[in-house]
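# Model the following, please.
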Amino acid sequence: MKYFLLLIGLLPGIAWSSVGDICNPEQDSKSFISDWNLGNSKTKVLSMQDGKDFLVDHGSIVYAGDLNNDGNDDFIFEASTGVGSSGDRVFSFLLQCHGYLKPLGASYFAKVEVLEPESEQKNVFKDIKIYSYKRNSNGSIQRKGGETLMAPHIWHFNPDSQKYEGESE
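I've put the predicted structure just below:
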């Protein structure tokens, strides 16, 4: 009987952690996306709690879909507050856990695309193609025929670091 009660006590935690060991509410940084009215317009706000630090970024959701094939929508958030003179924007990769979003990495890119796998496998993370601007020696963005030049790179989910990782220019 005591094992039955232990099993009943553990089942909600097991059911809520559909992404296995990735979601850990006791240790994870937690993020949330909400709407905020600014005058006559509405903007998305990404709030991030990491220990005692609380960060807020305004921006937009550029991807809402299933990054790890667990049936829950995950997000890529593009911050409008982090755009620098270089033209790059901050993109954050966010995994849906039970009750919060877990940050899986963020960096400056020109744009991002989620790559669809050839076959669907449960709890396998999709790759993300990131684009970096090609730059001249003085740091300005290279252009050809009025178009900005970008270099693509494939980022993969690293289960050890629990982050998306890869190269960029």
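
# Now for this structure, the helix or strand with the poorest mean pLDDT.
Lowest by mean pLDDT, DSSP states H and E among the helices and strands of the chain is helix 2-16, with a mean of 41.

# mind listing what's buried in the following helix or strand past that one?
Next helix or strand after helix 2-16 toward the C-terminus (DSSP states H and E): strand 30-38. Going by neighbour count (16 or more other CB atoms under 10 Å), the buried part of strand 30-38 is S31, I33. Every C-beta, even on glycine, is put in place using the N, C-alpha and C of the backbone.

# One more: stretch 114-121?
V114.

# Then stretch 51-64?
For stretch 51-64, burial by neighbour count (16+ other CB under 10 Å) applies to D57, G59, Y63.

# In strands only, show me those residues.
D57, G59, Y63 (DSSP state E).

# Mind picking the one among the residues you listed that's closest to G166?
For those, the residue nearest G166 by CB to CB is Y63; the value is 16.5 Å.

# ok, which stretches of this structure are strands?
Using DSSP E, strands in the chain cover 30-38, 41-50, 53-65, 74-79, 89-97, 100-109, 111-114, 128-133, 143-144, 147-148, 150-158, 163-165.

# circling back: make CSV from the ones in strands among the buried residues of stretch 51-64 and add pLDDT and distance to D127 to it.
Below are these laid out as CSV (pLDDT from 0 to 100; distance: CB to CB, whole Å):
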residue, pLDDT, distance to D127
D57, 92, 24
G59, 94, 23
Y63, 97, 13
